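*Asks:* Model the following, please.
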Amino acid sequence: MTPDTGPAVPRIGARRLAVIGGSVIGLACAWSAARTGLAAEVVIHEPDDSGPEGVPSSAAAWVAGGMLAPFSEAWPGEEAVFALGVDSLRRWPEMLSALEPYVPPGPPVRTATRTHMLAVDEADARDLDMAMEWAARQPDPTRDGPDSRPGSAVFPGSAVLQCSASHPGPGITEADLRRVTRRELREAEPSLARVARAAYRMDSEGAVDNRVLLAALTRACRAEGVRWVRSAVTSIDDVDADRIVLAAGSGSADLAGLPVRPVKGEVLRLRARPGCEDPPRGVVRAFVRGRPLYLVPRDGGLVVGATQYEHGDDRQVTVAGVRDLLADAETIFPGIGEYELAEAIAGLRPMSPDNLPFLGADPRDPRLIHATGHGRNGIALTPVTVAAVWAELHAVRGPAAARAAAPDRFTRG
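*Replies:* Next up is the predicted model:
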């Protein structure tokens with residue numbers, strides 16, 4: 001493909017751009033803005049620097065499984081959620097290419113390049129077949145036409161992004177989603193129990209290591225001169241900036257009156273011991289007795305999740321949650337019992353009423369751009385969120401799939 005040589009991007013000059021929230025969404029938006037020279041100063045307001053590299057370990061992204069999963073999470077009636085997820089999935093290679101120089105020594109960001117989705121009993125198999133057949137019929141949002149921005153603008157320096165945006169991505173194909181036989185599943189993932197009543201494979205999905213990703217984004221921001229303010233923001237009015245990106249997760253409800261609520265999710269991190277059976281080679285997702293489960297390979301181990309509870313601001317790991325996760329995981333992967341339980345942790349996902357985030361300008365405050373409310377898909381939706389924020393800051397049309405996530409969708413007549 002040839003580099004995009006279209007017209008120069010119109011930029012809105014700014015003395016200071018402030019990003020409220022320093023987890024995955026805030027870091028990525030700050031990096032993009034600083035990298036493209038949008039403002040003289042880019043500042044991240046984030047009081048929590050408890051994790052390595054100074055990332056917030058209290059944020060949902062620190063706890064996450066890191067799955068890139070629009071197809072395996074597809075569900076009839078959630079057309080807009082599906083379209084946004086597919087759009088973001090197509091952008092991940094571009095973002096990873098640009099981020100590569102900042103990845104710390106050790107494990108890579110990308111930990112898996114495929115997903116298998118399976119169901120254990122007949123009822124779950126019927127639901128899985130219904131959902132996957134629905135997903136296979138959906139249009140690919142990246143074929144609706146290009147964004148009205150140069151292809152190399154959001155993350156300049158990426159060889160992938162320097163391709164012209166006038167070439168839409170591929171449609172939904174068998175590389176994205178296909179049914180597999182039990183024999184094919186066994187050949188791909190020999191360590192799994194032979195319990196699947198139905199199974200699908202998604203070769204364009206997979207996962208990233210959430211903590212390596214956060215470290216790389218932090219390093220990238222520092223390299224571009226982004227500055228941190230280590231104090232909590234209690235009012236948007238107190239932020240001294242020309243433009244403000246709100247990426248505060250469930251804290252966005254108090255700051256901007258958005259209908260975002262915290263939903264608790266529990267995750268287990270397991271470490272392989274000598275003699276243990278090898279973990280699955282790719283992401284494995286399943287319905288086990290009606291409960292969703294995921295197994296995500298990590299360097300030297302496995303991440304198991306995730307429960308979901310409407311308990312408000314509750315980060316405590318429960319006995320019942322750990323019990324259910326381990327029981328369901330052992331049904332799928334019997335060798336898990338020999339692994340070391342390295343960490344049990346809970347996080348708060350910022351959920352919206354319709355499972356879509358809030359992306360775009362605030363209708364009441366011209367300074368404010370929303371990039372929040374991503375629920376369980378904060379990491380997966382990072383690239384498309386960055387593209388939507390970048391477009392808003394430059395006053396150009398953003399991703400078509402992001403229009404359904406407009407911040408005023410619940411209030412406009």
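*Asks:* Off-centre distance for the helix or strand residue 390 falls within?
*Replies:* Per DSSP states H and E: residue 390 is located in helix 382-393. On the basis of Cα atoms, centre = their mean, to the nearest Å, helix 382-393 is displaced by 14 Å from the centre of the chain it belongs to.
*Asks:* Mind giving me the packing neighbours of it?
*Replies:* On a contact count with 3 or more Cβ pairs under 8 Å, 6 or more residues apart in numbering; DSSP states H and E, helix 382-393 meets helix 24-35, helix 79-99, strand 358-361, strand 368-372. All C-beta atoms are positioned from the backbone trio N, CA, C, and that covers glycine.
*Asks:* Save those as TSV, and put in distance to residue 341, mean neighbour count and mean pLDDT too.
*Replies:* Output for these, formatted as TSV (distance: least, Cβ to Cβ, whole Å; neighbours: other Cβ atoms under 10 Å; pLDDT from 0 to 100):
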stretch	distance to residue 341	mean neighbour count	mean pLDDT
helix 24-35	25	28	96
helix 79-99	30	22	96
strand 358-361	36	24	97
strand 368-372	32	28	98
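*Asks:* okay if I get those as a markdown table plus distance to residue 186?
*Replies:* Below are the helices and strands packed on helix 382-393 laid out as a markdown table (distance: least, Cβ to Cβ, whole Å):
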| stretch | distance to residue 186 |
| --- | --- |
| helix 24-35 | 35 |
| helix 79-99 | 27 |
| strand 358-361 | 41 |
| strand 368-372 | 42 |
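*Asks:* Could you point out which of those sits nearest residue 268?
*Replies:* Among these, helix 24-35 comes nearest to residue 268, with 20.6 Å by Cβ to Cβ.
*Asks:* Against which helices or strands is the closest one packed?
*Replies:* strand 14-20, strand 39-45, helix 210-223, strand 243-246, strand 368-372, helix 382-393.
*Asks:* out of these, nearest to residue 116?
*Replies:* helix 210-223 (20.3 Å).
*Asks:* Let me see the mean pLDDT of that closest one.
*Replies:* For helix 210-223, mean pLDDT is 98.
*Asks:* Strand 39-45 and that helix, what's the angle between them?
*Replies:* Angle, helix 210-223 to strand 39-45, by axes from the mean of the first three to the mean of the last three Cα atoms, to 10 degrees: 140 degrees.
*Asks:* Contacts for helix 210-223, please.
*Replies:* Residues outside helix 210-223 that contact it (Cβ atoms under 8 Å, 6 or more residues apart in numbering): 23-24, 27-28, 30-31, 34-35, 42, 44, 51-55, 61-66, 99, 101-104, 106-109, 379.
*Asks:* worst-scoring helix or strand of this structure, pLDDT-wise?
*Replies:* Every helix and strand in the chain was compared by mean pLDDT, DSSP states H and E; the lowest is strand 14-20, with a mean of 91.
*Asks:* I'd like the helices and strands packed on helix 24-35 as a markdown table, with distance to residue 299 appended.
*Replies:* Shown next, in a markdown table, are these (distance: least, Cβ to Cβ, whole Å):
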| stretch | distance to residue 299 |
| --- | --- |
| strand 14-20 | 29 |
| strand 39-45 | 27 |
| helix 210-223 | 8 |
| strand 243-246 | 31 |
| strand 368-372 | 29 |
| helix 382-393 | 21 |
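*Asks:* Can you check which of these gets nearest to residue 135?
*Replies:* Judged by Cβ to Cβ, the one of the helices and strands packed on helix 24-35 that comes nearest to residue 135 is helix 382-393, at 17.6 Å.
*Asks:* Alpha carbons of the closest one, as CSV, please.
*Replies:* Written as CSV, here are the backbone C-alpha positions of helix 382-393 (Å, rounded to 0.1, in the frame of the first residue of the first chain):
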residue,chain,number,x,y,z
THR,A,382,-8.4,1.5,23.2
PRO,A,383,-7.4,2.0,19.6
VAL,A,384,-10.8,3.1,18.4
THR,A,385,-11.2,5.4,21.4
VAL,A,386,-7.9,7.0,20.6
ALA,A,387,-9.0,7.5,17.0
ALA,A,388,-12.3,9.1,18.2
VAL,A,389,-10.6,11.5,20.6
TRP,A,390,-8.0,12.4,18.0
ALA,A,391,-10.7,13.2,15.5
GLU,A,392,-12.6,15.4,18.0
LEU,A,393,-9.4,17.3,18.9
